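Undergrad: just to be clear, the model below is a prediction. Sequence and coordinates:
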Amino acid sequence: MTARLFRDAYGVPHVRADTWLEVAGAQGRVTALDRGGQIQVEHWRSTGTLAEHIGAEGVPWDRFARAARLADTASRAYDALDAEDQDWVAAYVGGVNAVLPEADWPDWAPLGILHVAHVLFSDLPTLLWREHVDRALGPVLGDGAADLFQRDVSGSGSNAWALHGSRTRSGRPLLAGDPHRVIEIPGVYQQIRLAGPDGDVLGLAFPGVPGIAHFGHAGTVAWGITNAMAHHVDVFRELLRGTDAGGVEAYGPSGWEPAAVGRERIRVRAGAPADGGVGVGVGVGPGVDDAAGDRADESVDAFWVETRRGLVVAALDTLPRAGVETVAYAARIPARASADVGAAALRPLLRARSTADVVAAFGRWVDPVNRLLVADRDGTVLSQTVGRVPASSHAARRLPLDAWAEPGDEVWRPMPPAREVVETHVDANEPPEDAAVDLGYAYAAPYRASRIRTLLAELIEDRGPLDVADMPVVHGDTLSLAADALLRHLPDPSGAPLTDAAQALVTRLRRWDRRMDADSADAAVFAAWRAAVAARLSAHPALAPLHAEHGMGAVYDPWCDARGRIGDGILALVDGAAVVALGIDVRPLAREALEEVAAGEWGQADAPRWGDQHRLEPVQVLAGVPGATFVRLPPAGQSDVTLSGDSDTVRSAATTPGVSDLCWRGSVARWIWDLSDRSRSRWGVPFGAAGDPASPHATDQYAAWLEAATVPVVTAWDDLTEEPLP
């Protein structure tokens with residue numbers, strides 16, 4: 001075996017070998033070593049066996065995983081790969097199993113993990129939420145009810161920007177950005193370098209998946225993505241009924257037709273899940289000590305139903321009885337419909353040398369639909385939309401379609417050609433100006449995109465051509481353009497008189513510089529007022545129907561929680577015509593909220609600052625796993641560690657106004673790719689390269705991440721430290 005493992009000062013693995021199969025095997029080995037517990041949990045999620053290991057808390061996910069046939073879809077996708085891709089994926093699995101023999105992964109396991117990462121990273125949950133809104137508020141708002149939350153996506157998305165060589169000091173292109181997701185411990189991305197016989201790529205990989213997908217630098221070419229916010233999962237309102245033979249029928253365009261159905265059992269571990277605390281990684285070696293506690297000795301029913309249109313994934317708690325009709329929701333997920341999770345794009349990226357190579361590789365991407373920025377050393381910079389989009393009606397982007405009124409066969413929309421970037425380009429999930437790539441329904445508000453464009457223009461005007469060293473100004477920007485949408489609703493002086501304390505807050509907020517800095521008391525006042533407005537709006541009787549049980553299934557609770565959705569959408573809601581149509585007057589709500597804030601601690605001389613309440617609360621990947629132990633982060637309110645930024649600032653550190661000021665979603669990585677010299681590039685993740693809490697690299701990037709900073713990319717092999725492959 002020629003594979004060798006090196007690490008930099010931050011513990012980032014650099015793997016090289018004489019063949020790509022050996023590289024894949026070594027990547028599997030080092031990932032099992034560094035992220036063993038994490039990838040095991042993701043594998044359990046893909047197979048719908050989470051409850052077998054963590055107990056009853058895993059049952060809602062497992063039922064969804066079985067209904068969505070995640071494992072079967074991954075297996076089909078693996079079978080559809082060509083032989084070379086299959087061998088490459090299998091080599092990675094061989095590396096994982098060599099270090100974690102108890103894992104016993106099948107060859108298709110990495111495709112299952114890739115599918116898990118994306119199956120709900122789509123408009124499926126939001127379409128179901130809009131269906132709930134339509135049912136709840138449609139009697140009052142009519143057809144416009146579904147549009148009430150069209151702009152409530154402030155916490156999702158990513159930033160990416162490109163500078164043509166004419167705008168850089170080196171004369172070569174420069175790319176940068178940061179993806180925004182739920183912030184997890186261990187982190188969602190793995191910094192890694194993979195060098196083989198005809199390629200040398202470093203970037204951010206998904207732990208458990210071979211290769212490097214979303215963000216990579218191959219020396220002569222580099223790339224990064226943002227979510228295109230495209231509609232790519234058609235959802236159908238299905239009418240189902242049981243048959244005397246124990247089957248299920250669905251009502252389609254030609255009447256009743258048989259649906260495929262399966263019954264399964266979910267094993268559930270007995271006893272309460274272990275308390276993992278708060279922190280990073282698993283402390284029982286590279287894998288998970290699953291011998292702790294009792295083994296699974298209970299089970300619950302699970303099932304799946306697949307109609308001609310797709311898998312029934314919502315609103316079906318039990319199989320329908322014979323002759324009993326029930327409404328449920330099926331999803332035509334591209335990965336399932338085409339037996340393709342996009343894995344065929346991964347191996348060609350390792351050999352990419354030019355923008356054309358990267359664009360060609362991403363031509364095999366499936367979902368979610370992404371906006372790709374790619375540049376090469378020759379100076380070409382391209383923007384390309386990649387992924388699989390159904391050629392369905394515009395109505396399908398807004399609400400579920402009636403299954404009996406729509407054809408069941410999939411047709412995919414061709415993607416428009418790549419566009420050349422000649423100066424600068426910014427992607428931040430905003431509504432696109434080019435109609436050819438306007439493939440969605442709900443986009444992020446344009447605040448982040450507008451701010452990045454302004455920052456780049458100002459930097460170029462002030463400093464001339466830019467460099468890597470200029471990019472932290474953009475990554476770390478905390479100016480909230482979104483704040484003005486709410487500040488417009490500050491009580492008017494001509495209205496009812498305010499208390500002196502409330503009037504003082506009005507004066508402060510009108511003078512505030514709009515920066516969501518951790519040390520800003522004014523930012524804390526704004527956030528407190530925003531939260532109070534959101535809470536009052538959420539409690540308004542006109543919106544009470546939204547708080548009723550949505551009935552879509554427990555796995556969709558985060559997307560269908562009315563308090564959270566109102567908080568996310570507060571800036572658009574306060575100016576929306578629908579709110580007026582519901583009989584809601586925002587003015588008294590804003591006034592009452594301001595008086596509440598003025599009467600509290602924010603009206604005092606020693607009022608809290610934004611960083612006192614805005615702290616990180618990451619999601620524990622290993623929560624409930626027996627035997628897992630964690631590095632403890634400083635708990636909220638008990639540390640000097642503070643967090644700047646907000647939901648709609650470039651420096652993404654999102655909260656849910658009216659629910660909590662704690663941050664659990666935001667920048668899960670930051671990257672700067674220099675095409676003049678890869679060694680001048682930089683990257684960073686929230687915590688570190690290692691998942692093991694005993695490792696010095698479990699949290700050694702945390703301080704830099706809190707400052708929106710990055711760490712160096714090291715490319716010279718002589719500057720790395722070699723260690724034995726596990």
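TA: Great, that's in hand. Numbers count the residues shown, from 1 in each chain.
Undergrad: quick one: end-to-end length of stretch 657-671, please.
TA: 28 Å (Cα to Cα, to the nearest Å).
Undergrad: repeat for stretch 157-168
TA: Criterion Cα to Cα; first-to-last residue distance in stretch 157-168 is 26 Å.
Undergrad: in it, which residues are buried?
TA: Judged by neighbour count (16 or more other Cβ atoms under 10 Å), stretch 157-168 contains these buried residues: G157, S158, N159, A160, W161, A162, L163, H164, G165, R167, T168. Using the backbone N, CA and C atoms, a C-beta is placed for each residue, glycine as well.
Undergrad: so the fourth one, which of the three states?
TA: Which is A160. Following DSSP: H, G, I helix; E, B strand; the rest coil, A160 is assigned to strand.
Undergrad: which element, helix or strand, includes the nearest residue to it once chain neighbours are set aside?
TA: Spatial nearest neighbour of A160, excluding adjacent residues (Cβ to Cβ, 6 or more residues apart in numbering): G177 at 3.4 Å. G177 belongs to strand 174-182 when assigned by DSSP states H and E.
Undergrad: quick check: which ranges of the stretch 251-400 of the chain have low pLDDT?
TA: Along the stretch 251-400 of the chain, segments meeting pLDDT under 70 span 272-297.
Undergrad: tell me how far the lengthiest helix in the chain is from the chain's mean position?
TA: If you go by DSSP state H, the chain has its longest helix at helix 20-47. Computed by Cα atoms, centre = their mean, to the nearest Å, the chain-centroid distance of helix 20-47 equals 20 Å.
Undergrad: would you tell me what the next helix or strand after that helix is?
TA: Downstream of helix 20-47 (by DSSP H and E), the next one is helix 51-54.
Undergrad: show me which residues of that following helix are buried.
TA: By 16+ other Cβ under 10 Å, the buried positions in helix 51-54 come out as A51, E52, H53, I54.
Undergrad: please name the residues that touch the residue nearest to V99 when sequence neighbours are not counted.
TA: Once flanking residues are discounted, V99 sits nearest to A32: 3.7 Å by Cβ to Cβ, 6+ apart. Residues in contact with A32, defined by Cβ atoms under 8 Å, 6 or more residues apart in numbering, are I39, G95, V96, A98, V99, L100, A103, P286, G287, P726.
Undergrad: relative to L706, how far out is L643?
TA: 6 Å (Cβ to Cβ, to the nearest Å).
Undergrad: higher neighbour count, those two?
TA: Remark: of L643 and L706, L643 carries more neighbours, 25 against 18, as counted by other Cβ atoms under 10 Å.
Undergrad: hmm, that one is touching E707, no?
TA: No - contact between L643 and E707 fails when scored by Cβ atoms under 8 Å: they sit 10.0 Å apart.
Undergrad: neighbouring strands of the strand holding G177 in the sheet, and parallel or not?
TA: According to DSSP bridges, strand 174-182 forms sheet pairs with strand 157-163 (antiparallel), strand 660-667 (antiparallel), strand 670-674 (antiparallel).
Undergrad: show me how far it is from its chain's centre.
TA: Centroid separation for strand 174-182 versus its chain: 11 Å, with Cα atoms, centre = their mean.
Undergrad: and that strand, what's its mean pLDDT?
TA: Average pLDDT, strand 174-182: 98.
Undergrad: which positions in it come out as buried?
TA: Neighbour-count burial for strand 174-182, counted by 16+ other Cβ under 10 Å, picks out L174, L175, A176, G177, D178, P179, H180, R181.
Undergrad: all strands of the stretch 101-250 of the chain, in order?
TA: 157-163, 174-182, 184-185, 190-196, 199-205, 215-217, 221-227, 234-242, 248-252 (DSSP state E, counting those that start in this stretch).
Undergrad: next, the angle strand 221-227 makes with the first one.
TA: Comparing the axes of strand 157-163 and strand 221-227 via axes from the mean of the first three to the mean of the last three Cα atoms, to 10 degrees yields an angle of 150 degrees.
Undergrad: what lies in contact with strand 157-163?
TA: Contact partners of strand 157-163, identified using Cβ under 8 Å, 6+ apart, comprise 173-180, 224-227, 229, 371, 373, 375, 381, 383, 421, 424-429, 444, 448, 452, 456, 466, 474, 650, 652.
Undergrad: of all the buried residues of strand 174-182, which comes closest to E461?
TA: Set against E461, the nearest of those by Cβ to Cβ is L174 (17.2 Å).
Undergrad: any idea how far S644 is from A375?
TA: From S644 to A375 the distance is 29 Å (Cβ to Cβ).
Undergrad: which of those two has more neighbours?
TA: Neighbour totals were compared for S644 and A375, and A375 leads with 29 against 23 (other Cβ under 10 Å).
Undergrad: need the contact list for A562.
TA: Contact analysis of A562 by Cβ under 8 Å, 6+ apart lists S538, L543, L546, H547.
Undergrad: can you give me the neighbour number for the closest residue to the first one other than its chain neighbours?
TA: Of all residues not flanking S538 in the chain, I566 sits nearest, at 4.5 Å (Cβ to Cβ, 6+ apart). Residues near I566, counting by other Cβ under 10 Å, number 27.
Undergrad: A572 is in contact with I566, correct?
TA: No - with contact defined as Cβ under 8 Å, I566 and A572 do not form a contacting pair (10.5 Å).
Undergrad: so where's the chain shaky on pLDDT?
TA: Along the chain, segments meeting pLDDT under 70 span 151-156, 272-297, 408, 634-640.
Undergrad: walk me through the domains of it.
TA: 124-149+481-514+521-608, 157-229+343-398+410-463 (automatic domain parsing).
Undergrad: export those to CSV and tack on distance to S679?
TA: Below are the domains of the chain laid out as CSV (distance: least, Cβ to Cβ, whole Å):
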stretch, distance to S679
domain 124-149+481-514+521-608, 35
domain 157-229+343-398+410-463, 10
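Undergrad: out of those domains, the one nearest V313 is which?
TA: With Cβ to Cβ as the measure, domain 124-149+481-514+521-608 is the member of the domains of the chain nearest V313 (7.4 Å).
Undergrad: looking at the strands paired with strand 174-182, which is nearest to A67?
TA: When the strands paired with strand 174-182 are compared by Cβ to Cβ, strand 660-667 sits nearest A67, at 25.5 Å.
Undergrad: returning to what we had before: wait, which of the strands of the stretch 101-250 of the chain is closest to R515?
TA: strand 157-163 (17.4 Å).
Undergrad: and the helix or strand A90 falls within with helix 20-47, angle?
TA: Using DSSP H and E, the element containing A90 is helix 83-99. For helix 83-99 against helix 20-47, the angle by the same axes, to 10 degrees is 70 degrees.
Undergrad: and helix 83-99, what's buried?
TA: So helix 83-99, judged by 16+ other Cβ under 10 Å, has buried residues 85-86, 88-97, 99.
Undergrad: again, but for stretch 238-257
TA: For stretch 238-257, burial by neighbour count (16+ other Cβ under 10 Å) applies to E238, L239, L240, R241, G242, T243, V248, E249, A250, Y251, G252.
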